[in-house]
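Participant: generate coordinates for the sequence data below:
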Amino acid sequence: MDKRKLILLVGALFIAAIAAFMARSLFMGSAAPETQAAAQPTGPKVLVATRGLPVGTIITADSLRYQPWPAEMVTDAYFIEGAEGAVDITKLQGTVVRHAITAGEPLTHGALVSPGDRGFLAAALGPGMRAVTVPVSGLTGVAGFVFPGDRVDLVLTQNVDGVAVENSTNKPLKVSETIIRNLRVLATDQRTEPQVDESGKTVATGYQLVTLEATPRIAEKITVAQTIGTISLSLRSLADSSADLEEAIASGAIKVPATSDPEEEERVLRSLAQRPIDGKSSYSTGGDVSRFQRRSIPPQTAPEKKAIEEKAEEEAKGPVVNVARGNNSTTVTFDRR
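Facilitator: Next up is the predicted model:
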């Protein structure tokens, strides 16, 4: 064999051996280095928000938690676990967020307003919202099972009278109408949080007044409704707000914001779901309940009254008989009345 070819063959075998060794090291080498977890802060635990808390949010048990925080970043304004005068989280339930707090942000002593403090109810209101109070009873107030933070619909019950019609009882129209939906309850009487017994269970108590959160326009409607008839509360399910929002989006009544940020989109949709609704009204009349009640509005004007009287007169007429006596003819009408 040519010496030159032999050298080339040996060199090729050597290169192949090195490649095989490198491949073996690649597949059978040591395991990948373990990823080291990020170092957790070792400072004192401070109270932080578990989720974004907009202005007016009522604090609940799952709104806050204690979390370690870097010692060099802790200030006296924070709620510090174990510190002198530390506050139990349960004592903060029912307080209201004074300014917006992002998820994971530490709470300061000035961020919350407690019931009874000056400006508490104003802090509980969302931007652009108003507080309006309606009188209720055990019958119209769901027997005391409506609590602050719940959402209700308003039902207006009234009698619609008409002008007097001769030879007719002219019964008024009895009607109940859902005029406003998805209103947030701010307070019952002067209580802004549910009452609890010694075991911590919520207790249903009677009250005469309920304060609701509404837009200025809806507040005007509620005030007028109180002069028209009787207002009753209808307690809403927790799932109804999202269902109404989906229906409004599907119908085009609400436009979903064009944003690529899912958190921003969720925040906007949550805000829209919490807005009261006054454009979707439903009603039931006495005729829907009993066949002996009317379904339509009674006559409201003189022309309507005249038309009804003429119709009643026509319906009261009985058979007509022509009596002929020689060249004379007489028409006799028998009245059914």
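
Participant: what helices or strands is the top helix by length along the chain leaning on?
Facilitator: Taking DSSP state H as the criterion, the chain has its longest helix at helix 3-28. Contacts defined by 3 or more C-beta pairs under 8 Å, 6 or more residues apart in numbering; DSSP states H and E place helix 3-28 against no helix or strand at all. Bear in mind the C-beta positions are built from the backbone N, C-alpha and C, glycine included.

Participant: C-terminal to that helix, what's the next element?
Facilitator: Using DSSP states H and E, the helix or strand that follows helix 3-28 in sequence is strand 45-49.

Participant: contacts for that following strand, please.
Facilitator: 63-69, 74, 78-82, 87, 89, 101-107 (C-beta atoms under 8 Å, 6 or more residues apart in numbering).

Participant: look up which residues are beta-bridged to A49.
Facilitator: Following DSSP bridges, A49 is listed with bridge partners L64.

Participant: how near is S282 to R275?
Facilitator: S282 is 19 Å from R275, where distance means C-beta to C-beta, to the nearest Å.

Participant: mind saving the C-alpha coords of the longest strand seen in the chain as PDB?
Facilitator: If you go by DSSP state E, the chain has its longest strand at strand 173-188. Provided in PDB are the C-alpha atoms of strand 173-188 (Å, rounded to 0.1, in the frame of the first residue of the first chain):
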ATOM      1  CA  LEU A 173    -103.100  48.000  35.900                       C
ATOM      2  CA  LYS A 174    -101.000  46.300  38.600                       C
ATOM      3  CA  VAL A 175     -97.400  45.900  37.400                       C
ATOM      4  CA  SER A 176     -93.900  45.100  38.800                       C
ATOM      5  CA  GLU A 177     -90.900  46.200  36.800                       C
ATOM      6  CA  THR A 178     -87.200  45.500  37.300                       C
ATOM      7  CA  ILE A 179     -85.800  49.000  36.700                       C
ATOM      8  CA  ILE A 180     -82.100  48.700  37.800                       C
ATOM      9  CA  ARG A 181     -79.800  45.700  37.900                       C
ATOM     10  CA  ASN A 182     -76.500  44.900  39.500                       C
ATOM     11  CA  LEU A 183     -76.400  47.500  42.200                       C
ATOM     12  CA  ARG A 184     -73.700  47.100  44.900                       C
ATOM     13  CA  VAL A 185     -74.900  47.400  48.500                       C
ATOM     14  CA  LEU A 186     -72.800  49.800  50.500                       C
ATOM     15  CA  ALA A 187     -74.500  49.700  53.900                       C
ATOM     16  CA  THR A 188     -77.600  48.500  55.700                       C
END
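
Participant: so which elements touch that strand?
Facilitator: Using 3+ C-beta pairs under 8 Å, 6+ apart, strand 173-188 is in contact with helix 120-124, strand 151-160, strand 209-214, helix 216-228, helix 240-251, strand 282-285, helix 286-289.

Participant: adding mean neighbour count, distance to T192 and mean pLDDT, write these out as JSON lines.
Facilitator: Below are those laid out as JSON lines (neighbours: other C-beta atoms under 10 Å; distance: least, C-beta to C-beta, whole Å; pLDDT from 0 to 100):
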{"stretch": "helix 120-124", "mean neighbour count": "19", "distance to T192": "7", "mean pLDDT": "84"}
{"stretch": "strand 151-160", "mean neighbour count": "19", "distance to T192": "16", "mean pLDDT": "94"}
{"stretch": "strand 209-214", "mean neighbour count": "22", "distance to T192": "9", "mean pLDDT": "95"}
{"stretch": "helix 216-228", "mean neighbour count": "15", "distance to T192": "19", "mean pLDDT": "96"}
{"stretch": "helix 240-251", "mean neighbour count": "14", "distance to T192": "21", "mean pLDDT": "66"}
{"stretch": "strand 282-285", "mean neighbour count": "14", "distance to T192": "31", "mean pLDDT": "92"}
{"stretch": "helix 286-289", "mean neighbour count": "14", "distance to T192": "37", "mean pLDDT": "92"}
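
Participant: looking at these, which is nearest to S234?
Facilitator: Smallest distance to S234 across those (C-beta to C-beta): 4.2 Å, for strand 151-160.

Participant: before I go, just wanted to say thanks for your time.
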